[in-house]
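A.B. asks: Quick one: sequence and predicted model below, then my questions.
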Amino acid sequence: MTHTDNVCLTPDGSAVRILDQSRLPNETVYLELSRAEDLYEAIHSLRVRGAPAIGIFAAYAMYVLARQSRAELYFDFIQDCEKIHRYLNASRPTAVNLKHMLDRMLAVAEAMPCMDVDSILESMKKTALAIHQEDIDMCAAISRHGLSLVKEGDGILTHCNAGPLATSRYGTALGPLFLAAEEGITLHAWCDETRPLLQGARLTTYELQRAGVDCTLICDNMASIVMKEGKINACFVGCDRVAANGDTANKIGTSGVAILAKHYGIPFYVLGPSSTIDFNCPDGDHIPIELRDGEEIKSKFFEKPSALPEVKCYNPAFDVTDHQLITAIVTEKGICYPPFDANLAALFGRKKKEG
Ligand code: MRU
């Protein structure tokens, strides 16, 4: 598999370079962004999307904007960094990677009291690059663990996009499929188109097809029939926030896939890095769900609007899959089985919260 970074820092460190995912698969457009409003808009409009990619992008964005601070004194510089953190963190609410990486960047600056701004910026840059490298390593490990769950000839159902575009290199939920192809193991991917923004159709089939992985696109409401027909051996999905008890927020429609999988006795796996686990969030009821513009449902991908302009729409971008529907959560540290509250905490060396 050849790798090109879909998110990176420009060589002079003045901008973040991204492949604009909102234009794929028809146009390949790279953008260099350095203005606060453009960086915010890139996340909000899903030019950069997928929880880990958003986190990496936010770390680079924070560095790029901190470089623009005119502060000479430490306390003024920290105030500017806090402002940048608040602004970028408001761009999308559900993927916890965004907050985790912004927190980490701010903590670097806060840990260097009374140092000169140039030294702090140097440390922030190093941290952003390290965050990116860690994601590459975590995705490789997750893909390897995921591959151990399937066998030659299996059909894998996937929802939304959790491939290289949403992460780094191999991706998470799609990683085992890329690895399998490299190792001569034949798997077949069934890709939900993922309404309303069609990440499955536009991005997942694009990535799989280019890597030579056999794949078939289906509408979201066809998942039940392909399961019933015996075409699916496992479901692999990504995640935007995993609560401490294993409840998982992912792209809208994921929980429906999990309910169907339970009905047909098909294992349902969530694949994600530790940066997507929110140990401070006890369960799915505490995960904020992003609500987006109803026009995405009515007119975004249609030549003509599919409904009258005055029709009301409800457009939650994510839903929460109950932990009881999840067979296992595949992380870089290994495959975690229920009970998730105890086993996730143990896997990551955390004390399980009581009550
Ligand atoms: O709204 P999106 O496209 O950012 O939603 C993305 C997903 O739901 C992905 O499955 C998730 O971020 C995991 S990416 C490895």
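C.D. replies: Structure received. Numbers count the residues shown, from 1 in each chain.

A.B. asks: use CA for all of it now, contacts and neighbours both
C.D. replies: Noted.

A.B. asks: Give me the distance between the residue sitting nearest the centre point of the chain and residue 173.
C.D. replies: The C-alpha lying nearest the average C-alpha coordinate of the chain belongs to residue 51 (Cα atoms, centre = their mean; 2.4 Å). Noted for residue 51: a distance of 12 Å to residue 173, by Cα to Cα, to the nearest Å.

A.B. asks: on that earlier part again, need the contact list for the residue nearest to the centre of the chain.
C.D. replies: By Cα atoms under 8 Å, 6 or more residues apart in numbering, the contact set of residue 51 is 95, 96, 97, 98, 166, 167, 239, 240, 276.

A.B. asks: Give me the pLDDT for the last one.
C.D. replies: Turning to residue 276, the model gives it a pLDDT of 97.

A.B. asks: so what's it up against?
C.D. replies: 51, 52, 95, 96, 97, 239, 240, 241, 242.

A.B. asks: Tell me the spacing between residue 116 and residue 78.
C.D. replies: 12 Å.

A.B. asks: if we can go back for a sec, same list (the contacts of residue 51) but as a markdown table, adding secondary structure and distance to the ligand.
C.D. replies: Converted to a markdown table, the contacts of residue 51 look like this (DSSP: H, G, I helix; E, B strand; the rest coil; distance: Cα to the nearest ligand atom, whole Å):
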| residue | secondary structure | distance to the ligand |
| --- | --- | --- |
| 95 | coil | 7 |
| 96 | helix | 10 |
| 97 | helix | 9 |
| 98 | helix | 11 |
| 166 | helix | 5 |
| 167 | coil | 6 |
| 239 | coil | 4 |
| 240 | coil | 5 |
| 276 | helix | 9 |
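
A.B. asks: Show me what from the stretch 1-150 of the chain comes close to the ligand.
C.D. replies: 49, 50, 51, 52 (Cα under 6 Å from any ligand atom).

A.B. asks: Rebuild these as a markdown table, extending it with pLDDT.
C.D. replies: Listed next are these as a markdown table, based on pLDDT from 0 to 100:
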| residue | pLDDT |
| --- | --- |
| 49 | 98 |
| 50 | 98 |
| 51 | 98 |
| 52 | 98 |
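
A.B. asks: Tabulate the residues you listed in TSV, adding columns for distance to residue 340 and secondary structure.
C.D. replies: Output for these, formatted as TSV (distance: Cα to Cα, whole Å; DSSP: H, G, I helix; E, B strand; the rest coil):
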residue	distance to residue 340	secondary structure
49	27	coil
50	23	coil
51	21	helix
52	21	helix
